[in-house]
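>>> Sequence first, predicted model second:
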Protein chains: 2
Amino acid sequence: MSGTNRIMENTKKAPSSTKSRTGRTTYHHGDLKAQLIEATRELVEEKGPDHFSVSEACRRAGVSTAAPYKHFKDKTEMLREVASGGMQRQYQQMIDEIAPHPPGTLARIVALGRVYVRFAVAEPGVFRLMFGLSKDHEGDETLVALGHGTFGVVQREVALCRGSDVIEPQDEGRAFLLWSFVHGLSFLQIDGKLSKMDMPLDLEAVLNDVALRVMRDPSS
Amino acid sequence: MSGTNRIMENTKKAPSSTKSRTGRTTYHHGDLKAQLIEATRELVEEKGPDHFSVSEACRRAGVSTAAPYKHFKDKTEMLREVASGGMQRQYQQMIDEIAPHPPGTLARIVALGRVYVRFAVAEPGVFRLMFGLSKDHEGDETLVALGHGTFGVVQREVALCRGSDVIEPQDEGRAFLLWSFVHGLSFLQIDGKLSKMDMPLDLEAVLNDVALRVMRDPSS
DNA sequence: GAGCATATGTTAGATGCTCTTACTTTATAA
DNA sequence: TTATAAAGTAAGAGCATCTAACATATGCTC
């Protein structure tokens, strides 16, 4: 009588049931890959990208430490999944944030910067993963494509702000200045340099100031 | 080659002789702490701050893996020493680079930015250590003090550029904008984001552009 | 000098991590 | 029913950090 082991209740197909992270009743997990990615994301936020450990993620998902290697090549691939998810989330937030403002206005430029910095502050671990240790995922096509997509939005908005539908070199230059600035601001913020320097930050004011300075004709 | 003086002079006692990193003839090393810091610095550059290992540094210095713990509390203290050294080097480079230019000129502002970015590109590992993983050395007074010193130079130069000897809020604001920008530019550069975006960088041009935009009166 | 205290090495090992190999269990579909 | 693939486990190799106990050189006091 072989088939009547522990899964008495599952008479039909009824694949792995439980989704609770702790109490698993069946041999197969059912949703391990997604849960490992989520556990990785949480741990990256809690401990930082450097101190994330596969073992800890396994503990949280309630599986052995060997289990992830059926779903991921190695530790860096798990991190890459989280980075990729972050890129997509950041992109979507940008799209959502500029939507309410009329095209071609400074408000849209400011909105892009706001999303960038807020994302970094809200998810510093993932942000650091996305832009920090490039060694682990420098050749990843997906991430590069996502980065291009996001930066493309910035370039388009800068061109629109100038009243043009096509992106020209000056737009790329301005977009680059904006990117550099919010990128630096984000890192200074999440690394606590500003608080250490006793520099309170009025984000909206600074973003407006920078947007104005960058978008203005330099020869005036 | 300072610090090895006593060894040669003292003919009688003749303590640890060799300074070659590999072949040690005596039980005691003679200059282990300094050599461990240097090995750490090299490894941080070669493998990045995250992939530095104490064992590897020990191998390079030719000592057992337990030896460092007579000189450093733990791994992070070794890294902190390297970070501290980097801060001092960066500070000195700034002082040297602005010296040739007349006080109160934009050229000095540009020079500060040039040092910042060039340092990051020349020593990306140490730079990342200085500004990246704050978790390991966020409470270090020495590093905070060094940071204050460096940023103080920027503030002073900005005020001078305005024609004032005293630093006022507007100077702090401008210094902060400059810092954010070169900080972001540095990270984008060393993380290879610019090359991936097919964005060649004319550092001098960009620094001049930014210095002008930031130092200019925003209400013009 | 002699002898002790201290500084600075060593070896051995506890513990934790990543990742591999070999094996077991379950789901699917012919 | 049964072959096969998918998805888990256990065990362990290899490397890491760090501690403890021990060994040796240096420096200080006499």
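Received, thanks.

>>> helices and strands of chain A: which one bottoms out on pLDDT?
Taking mean pLDDT, DSSP states H and E as the measure, chain A has helix A:193-196 as its least confident helix or strand, at a mean of 84.

>>> Grab the longest helix from chain A for me.
Looking only at chain A and at elements set by DSSP state H, the helix with the highest residue count is helix A:75-98.

>>> Run through who's touching that helix.
Residues from elsewhere that reach helix A:75-98, judged by Cβ atoms under 8 Å, 6 or more residues apart in numbering or on different chains: A:36-37, A:40-41, A:44, A:49, A:52, A:54, A:57, A:68, A:72, A:108, A:111-112, A:114-116, A:118-119, A:123, A:126-127, A:129-130, A:136-137, A:140, A:142-143, A:146-147, A:149-150, A:153, A:157. The way it works is simple: take the backbone N, C-alpha and C, and place the C-beta from them, glycine included.

>>> which other helices and strands contact the strand or helix carrying A:Phe151?
Secondary structure from DSSP states H and E places A:Phe151 in helix A:141-162. Contacts defined by 3 or more Cβ pairs under 8 Å, 6 or more residues apart in numbering or on different chains; DSSP states H and E place helix A:141-162 against helix A:75-98, helix A:106-122, helix A:169-190, helix A:203-215, helix B:193-196.

>>> can you tell me if the longest one touches DNA strand D.
Yep, that's helix A:75-98 we're talking about. No: Helix A:75-98 does not reach DNA strand D (Cβ under 7 Å from any atom of the strand); its nearest approach is 11.6 Å.

>>> ok, and what's touching the helix holding A:Phe151?
A:80, A:83-84, A:87-88, A:90-91, A:94-95, A:98, A:103-106, A:108-109, A:112, A:130, A:137, A:165-168, A:170-172, A:174-175, A:178-179, A:215, B:193, B:196-197.

>>> Can you get me a residue count around A:Glu77?
Neighbour count of A:Glu77, defined by other Cβ atoms under 10 Å in any protein chain shown: 15.

>>> do you know how far it is from chain B?
17 Å (Cβ to the nearest Cβ, to the nearest Å).

>>> same thing with A:Val182?
7 Å.

>>> which residues touch that residue?
By Cβ under 8 Å, 6+ apart, the neighbours of A:Val182 are A:112-113, A:116-117, A:207, B:184.

>>> Find the residue at the geometric middle of chain A.
A:Gly86 (1.8 Å; Cα atoms, centre = their mean).

>>> I figured A:Arg114 was touching A:Leu207, is that so?
Yes: applying Cβ atoms under 8 Å as the test, A:Arg114 and A:Leu207 come out as touching, 6.0 Å apart.

>>> Looking only at neighbour counts, state which of those two leads.
A:Leu207 (23 against 19).

>>> Now that the more buried one has come up, it's in contact with A:Val115, right?
No: between A:Leu207 and A:Val115 there is no contact under Cβ under 8 Å: 10.4 Å.

>>> Nearest to B:Leu203 among the helices and strands packed on helix A:141-162 would be which one?
Comparing the helices and strands packed on helix A:141-162 against B:Leu203 with Cβ to Cβ, the closest turns out to be helix B:193-196 (10.8 Å).

>>> So which residues lie in contact with the closest one, not counting its own?
Against helix B:193-196 from outside (Cβ under 8 Å, 6+ apart): A:131, A:144, A:147, A:176, B:188, B:200-201.

>>> CA-only coordinates of that helix, as CSV, when you get a sec.
Only the C-alpha atoms of helix B:193-196 are listed here, as CSV (Å, rounded to 0.1, in the frame of the first residue of the first chain):
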residue,chain,number,x,y,z
LYS,B,193,26.7,53.0,-15.3
LEU,B,194,28.0,55.7,-17.6
SER,B,195,29.8,53.3,-19.9
LYS,B,196,26.7,51.1,-20.0
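
>>> Mind listing what's buried along it?
For helix B:193-196, burial by neighbour count (16 or more other Cβ atoms under 10 Å in any protein chain shown) applies to B:193-194, B:196.

>>> for stretch A:204-220, same thing?
A:206-211, A:213-214.

>>> returning to that earlier point: what's the spacing between the longest helix of chain A and its chain's center?
Here the centre of helix A:75-98 is set off from its chain's centre by 3 Å, with Cα atoms, centre = their mean, to the nearest Å.

>>> now it against helix A:141-162, angle please.
Interaxial angle of helix A:75-98 relative to helix A:141-162 (axes from the mean of the first three to the mean of the last three Cα atoms, to 10 degrees): 20 degrees.

>>> Pull the number of nearby residues for the closest residue to A:Met215 other than its chain neighbours.
Spatial nearest neighbour of A:Met215, chain neighbours left out: A:Cys161 (5.8 Å); criterion: Cβ to Cβ, 6 or more residues apart in numbering or on different chains. Residues near A:Cys161, counting by other Cβ under 10 Å, number 20.

>>> ok, A:Cys161 to B:Gly184 distance?
Between A:Cys161 and B:Gly184 the computed distance is 20 Å (Cβ to Cβ, to the nearest Å).

>>> just A:Ile167 next, same as before
Counting by Cβ to Cβ - A:Ile167 and B:Gly184 are separated by 21 Å.

>>> likewise A:Gly149?
Applying Cβ to Cβ to A:Gly149 and B:Gly184 gives a distance of 20 Å.

>>> and these two? which has more neighbours close in?
B:Gly184 (24 against 13).

>>> Look up the closest residue to that one, ignoring the ones flanking it.
A:Gly184 (2.8 Å).

>>> Name all residues that make contact with that neighbour.
Contacts of A:Gly184 by Cβ under 8 Å, 6+ apart are B:179-187.

>>> In JSON lines: those residues, plus pLDDT.
Output for the contacts of A:Gly184, formatted as JSON lines (pLDDT from 0 to 100):
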{"residue": "B:Trp179", "pLDDT": "98"}
{"residue": "B:Ser180", "pLDDT": "98"}
{"residue": "B:Phe181", "pLDDT": "98"}
{"residue": "B:Val182", "pLDDT": "98"}
{"residue": "B:His183", "pLDDT": "98"}
{"residue": "B:Gly184", "pLDDT": "98"}
{"residue": "B:Leu185", "pLDDT": "98"}
{"residue": "B:Ser186", "pLDDT": "97"}
{"residue": "B:Phe187", "pLDDT": "95"}
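
>>> So which of those residues is surrounded by the most neighbours?
B:Phe181 (29 neighbours).
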